[in-house]
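**Q** I would like to see how this sequence folds:
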Amino acid sequence: MEYKNPLQLIDNLVGQANEYLTNQMVISRPAVNVSETENSYCVQLAAPGLKKDDFEIDLSEGNLTISANKGHETTASTGKKFTRREYSFSQFKRTFSLPSHVNTDKVAAKYEDGILEIILPFIKPETQSEIRKVKID
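**A** Numbers count the residues shown, from 1 in each chain. Below you'll find the model as predicted:
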């Protein structure tokens, strides 16, 4: 391959090195927003380009773990020959400690427009029974 511009050669070498590195295991940390309402926490994780089936959400031992593993598209699978590839598919894993007042039996999730949203409802406090006096012995 002949280059008329030396910068084109450098750009091509950098691109090839970049492609090699992105073909290796790429671990990233997608951005997360956590908000609180009166009844729940809402975790929003930015993960565009994935499908809902790419995610795994686990609740275990007081932790919420969100992970995804999306394989790298190959030339054979897409039929495309990339001359430059600056974004890649990757895997990630995020773990958050949950407070004890989260009702893990009622957690719900949806994925829409590149945002994974997880609702962590609070355990409703028991309605306080009538006030009673305790006798002191």
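
**Q** least confident secondary structure element in the chain?
**A** helix 75-78 (a mean of 60; mean pLDDT, DSSP states H and E).

**Q** so which bits of the very next helix or strand once past that helix are buried?
**A** For helix 75-78, the following helix or strand on the C-terminal side (DSSP states H and E) is strand 91-97. With burial defined by 16 or more other Cβ atoms under 10 Å, the residues of strand 91-97 counted as buried are Phe92. For every residue, glycine as well, the C-beta is placed using N, CA and C.

**Q** strands paired with whatever helix or strand comes next after strand 91-97, and their directions?
**A** Next helix or strand after strand 91-97 toward the C-terminus (DSSP H and E): strand 108-112. Strand 108-112 has the following strand partners under DSSP bridges: strand 115-121 (antiparallel).

**Q** just want the angle from the strand it pairs with to strand 91-97.
**A** Calculated by axes from the mean of the first three to the mean of the last three Cα atoms, to 10 degrees, strand 115-121 forms an angle of 20 degrees with strand 91-97.

**Q** for strand 115-121, C-alpha coordinates in PDB please.
**A** The C-alpha trace of strand 115-121 is given here as PDB (Å, rounded to 0.1, in the frame of the first residue of the first chain):
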ATOM      1  CA  ILE A 115     -30.900   3.400  28.800                       C
ATOM      2  CA  LEU A 116     -31.300   0.500  31.200                       C
ATOM      3  CA  GLU A 117     -33.600   1.500  34.000                       C
ATOM      4  CA  ILE A 118     -33.900  -0.500  37.200                       C
ATOM      5  CA  ILE A 119     -36.500   0.400  39.800                       C
ATOM      6  CA  LEU A 120     -35.600  -0.700  43.300                       C
ATOM      7  CA  PRO A 121     -38.800  -0.200  45.500                       C
END
